[in-house]
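Visitor: what's the 3D shape of this:
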Amino acid sequence: MKEIIKLISPVMVLAFTAVSAHGAIKTQLVEYKHGDTTLVGYLAYNTQVKGKRPGILVVHDWMGEGEFNRDVSRKLAEMGYIAFSADIYGKGIRPKNRGEAREQATKYRSDRKLMRNRARAALDVLLANKMTSPKLVAALGYCFGGGVTLELARGGAPLAGAISFHGNLDTPDPKDAKNIKGKILVLHGADDPSVPPAQVAAFQQEMRDAGVDWQFVSYGGAVHAFTNPAAGNDNSRGAAYNEKADKRSWEAMKVFFSEIFRP
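Guide: Numbering: from 1, shown residues only. Just a heads-up that it's a prediction; the model follows:
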C-alpha cells in the first residue's frame, strides 16, 4: 500500500509505505538534511505497539544504506522498537564496489567530527519521531557503522546504549570516551584482521580510563563481517559470514536491550 506523507521540516517522509508479511510492520523512506546535504534513511515500526517505545538507530556498513540494515530495522520493529536506518553518505551515494566503499568510508574515518555530526543528524530524526521514547534510545552499527556508532557515543549523544558489530574501535582522541552517557557493547570477531589485538587493547583501556560501563564479547573463529551472509564463508579473505557468531551476537544484543531499556 502507498501513502502520501506531508513534509514536516526538516524531515520529509517520502511517499512509500510498506506493510510486511507479518502485517504490522510499516516502513518509510525518510528524507532529511545535515547542513546542505540531503540524506535518505529508512524507518520501521510496529503498528500494533501503541504509544511511545524505545528507539534504535541502525548504521550501515561501508556499502552504504541498503537492504542489509533495512532488514535489521524490520527485525527490530518486529520486536516492538522503532528503528531508523541512518544514511551517512548522502542521497544517491551508494558504493558499487569495494573501491568506492573504501573511498566513502575513508572520508568519514578521516574526519571524525563530520562522522559524528552526520550520525547525530540521523539520531535527531529518530528522537523527533512522536513514537520514540526519548530517554530510551540506543544505536547499533555494522563494520564501518560500528565505528560510527562508537564515535556517536564518544561525541556525547543521548544514548542509553551503543552496540558495535564487528566494527572498528580506534579513535583519534581516546579521552573523548569521557563524554559517553550510556553503556557500550562490542561484539567482535576474535580473528578479525581489520581490528588487530593492539586496537582491541587500546579500546579496552580507553573504556577503563573513562569509567565507561562496557562489555566486550569475542567470538572464536569469527573474522570481519561475521553477521553478513553476503561476505561468503572464506575466513582467509579476512571477512566472512559465521552463523554461530551471527546468532550469538544477536542474542547478546537482545540481552543488552533488556538491560538498558528496563523501566
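
Visitor: Identify the residue nearest K254 in space, chain neighbours excluded?
Guide: Excluding its sequence neighbours, the residue lying closest to K254 (C-beta to C-beta, 6 or more residues apart in numbering) is M79, at 7.7 Å. All C-beta spots, glycine's among them, are computed from the backbone N, C-alpha and C.

Visitor: Which stretches in the stretch 151-263 of the chain count as strands?
Guide: The residue ranges that make up the strands of the stretch 151-263 of the chain, judged by DSSP state E, counting those that start in this stretch, are 161-165, 183-189, 214-219.

Visitor: Using PDB, list the CA coordinates for the shortest one.
Guide: So that's strand 161-165. What follows is strand 161-165 as a C-alpha-only set of coordinates in PDB (Å, rounded to 0.1, in the frame of the first residue of the first chain):
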ATOM      1  CA  GLY A 161      23.500   2.200  24.900                       C
ATOM      2  CA  ALA A 162      25.600   1.700  21.800                       C
ATOM      3  CA  ILE A 163      26.500  -1.600  20.100                       C
ATOM      4  CA  SER A 164      29.200  -2.300  17.600                       C
ATOM      5  CA  PHE A 165      29.000  -5.400  15.500                       C
END
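
Visitor: Show the average pLDDT along it.
Guide: Taken as a whole, strand 161-165 has a mean pLDDT of 98.

Visitor: What residues of it count as buried?
Guide: Of all the residues in strand 161-165, those buried under the rule 16 or more other C-beta atoms under 10 Å are 161-165.

Visitor: Which two of these have the greatest separation?
Guide: When the buried residues of strand 161-165 are compared pair by pair using C-beta to C-beta, the two farthest from each other are G161 and F165, 13.4 Å apart.

Visitor: Next up, the contacts around the closest residue to K178 other than its chain neighbours.
Guide: Distances taken as C-beta to C-beta, 6+ apart put A210 closest to K178, at 4.7 Å, once the chain neighbours are dropped. For A210, the contacting residues are 174-175, 177-178, 180, by C-beta atoms under 8 Å, 6 or more residues apart in numbering.

Visitor: Same check on D191?
Guide: By C-beta under 8 Å, 6+ apart, the contact list for D191 reads 220-223, 235.

Visitor: now with 10 Å?
Guide: Shown here is D191, whose contacts under the criterion C-beta atoms under 10 Å, 6 or more residues apart in numbering are 218-224, 226, 235, 238, 240, 242.

Visitor: What subset of those is buried?
Guide: Listed as buried from the contacts of D191 are 219, 222-224, 226, 235, 240, 242; burial here means 16+ other C-beta under 10 Å.

Visitor: Which SSE is immediately downstream of the host helix or strand of A119?
Guide: Using DSSP states H and E, A119 falls within helix 112-128. Sequence-wise, the next helix or strand downstream of helix 112-128 (DSSP H and E) is strand 132-142.

Visitor: re the thing from before, mind listing the shared neighbours of G161 and F165?
Guide: 140, 149, 185, 253.

Visitor: list the contacts for the last one?
Guide: Right, the one you point to is M253. Residues in contact with M253 (C-beta under 10 Å, 6+ apart) are 56, 72, 76, 138, 140, 161, 163, 165, 185, 187.

Visitor: switch the cut-off to 8 Å
Guide: M253 sits next to 140, 163, 185, 187 when contact means C-beta under 8 Å, 6+ apart.

Visitor: Only the buried members of those residues: can you turn that into a ChimeraX selection?
Guide: Per 16+ other C-beta under 10 Å, the buried members of the contacts of M253 correspond to this ChimeraX selection:
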select :140,163,185,187
